[in-house]
Each structure stands twice: as C-alpha cells, then as structure tokens.
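# With the input below, show me the fold.
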Amino acid sequence: MNRRFITVSLLTAVALFGSTSISHADAKSEYKASIEAWKSSTQAAKTSYKSAVTAYKAGKKSFATSKKVIMDKYKADAAALKARTAEAVAAATTEEAKAALRAAGKTELSALSAARDAAIAALGSIGTAPTKPVKQAKPVKPASNS
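Have a look, this model is predicted:
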C-alpha cells in the first residue's frame with residue numbers, strides 16, 4: 001500500500017509539472033508565432049501606405065504640371081486677345097464699332113475661360129490623400145508560471 005501511494009504520488013507530480021512545462025512551451029511558441037504575424041502584417045501595412053503616398057504625390061505633381069501648362073496657354077491667349085482687341089478698338093472710328101469690338105472681345109475671353117475650365121475638369125481629380133494605417137495591438141506575452 002505504501003509503495004502504491006508513492007507511485008501514484010510520483011506519477012501525479014510528474015503529470016502536473018510535466019504538462020505545465022509542455023503547455024508553457026506551447027504558449028511561448030504561439031506567442032512567437034503571433035509576434036511574427038503581427039510584425040509581418042504591420043510591415044505590409046506600412047509598405048502599402050508608403051506606396052500609396054508615393055503614387056498620390058506623383059499624381060498630385062502630374063496634375064499641377066498639367067494645370068500649369070493649361071493656365072500658361074490661357075494667359076498667353078488672353079494677353080493676345082487683349083492686344084488684338086485694343087488694336088481693333090484704336091483703329092475703329094465710331095463709338096458703335098468700338099463698343100461692338102469690346103463686346104466681341106469679352107465674348108471671346110469668356111469662350112477662352114470656358115475652354116480653360118473644361119481642360120482643367122478633363123484632368124480629373126487628384127484623389128484623396130491616403131490615410132495612415134491603424135496601429136495593430138501587439139500580442140500580449142503569456143504569463144510565466146515558473
């Protein structure tokens with residue numbers, strides 16, 4: 001009976017302490033795996049954000065360059081129109097002819113403005129700036145029972 005009691009006690013102690021270290025090792029390996037998954041997903045989110053920011057900046061720069069070309073052409077055309085209108089008004093002899101030339105100049109200027117606005121609208125929108133990725137919670141380290 002005494003021998004049986006010692007054997008049962010010994011087996012119980014081994015089972016308790018042995019399973020604790022095994023479960024502790026499982027918890028550690030699960031924690032390491034969750035840390036690696038967290039690192040890779042965080043890195044993927046950062047990489048995705050950086051590429052989105054790069055694409056947004058390139059689109060913004062392209063839009064600004066195209067708009068500048070359109071505006072420069074509009075300014076040159078408007079200046080030429082103003083010079084032509086002033087020359088024609090100076091050459092006109094009657095007040096009615098001068099008024100008609102000024103009205104024609106204003107009409108042509110509004111047509112230039114409409115063409116400019118249509119060209120800018122055809123460029124499309126830049127889009128919205130990308131948002132920073134949401135920080136993911138770091139996995140919690142398992143409590144050690146040693």
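
# from here on, contacts and neighbour counts on C-alpha atoms
Fine.

# After the longest helix seen in the chain, heading C-terminal, what element do we hit next?
The longest helix of the chain (DSSP state H) is helix 2-91. Sequence order places helix 95-122 as the next helix or strand after helix 2-91, per DSSP states H and E.

# circling back to that earlier point, packing partners of the longest helix of the chain?
helix 95-122 (3 or more Cα pairs under 8 Å, 6 or more residues apart in numbering; DSSP states H and E).

# relative to helix 95-122, how tilted is the helix-or-strand element of the chain with minimal mean pLDDT?
Least confident helix or strand of the chain, by mean pLDDT, DSSP states H and E, is helix 2-91 with a mean of 84. Orientation of helix 2-91 against helix 95-122 (axes from the mean of the first three to the mean of the last three Cα atoms, to 10 degrees) gives an angle of 160 degrees.

# Helix, strand, or coil at the residue lying closest to residue 53 once chain neighbours are set aside?
Nearest residue to residue 53, sequence neighbours excluded (Cα to Cα, 6 or more residues apart in numbering): residue 130, at 6.2 Å. Judged by DSSP: H, G, I helix; E, B strand; the rest coil, the three-state class of residue 130 is coil.
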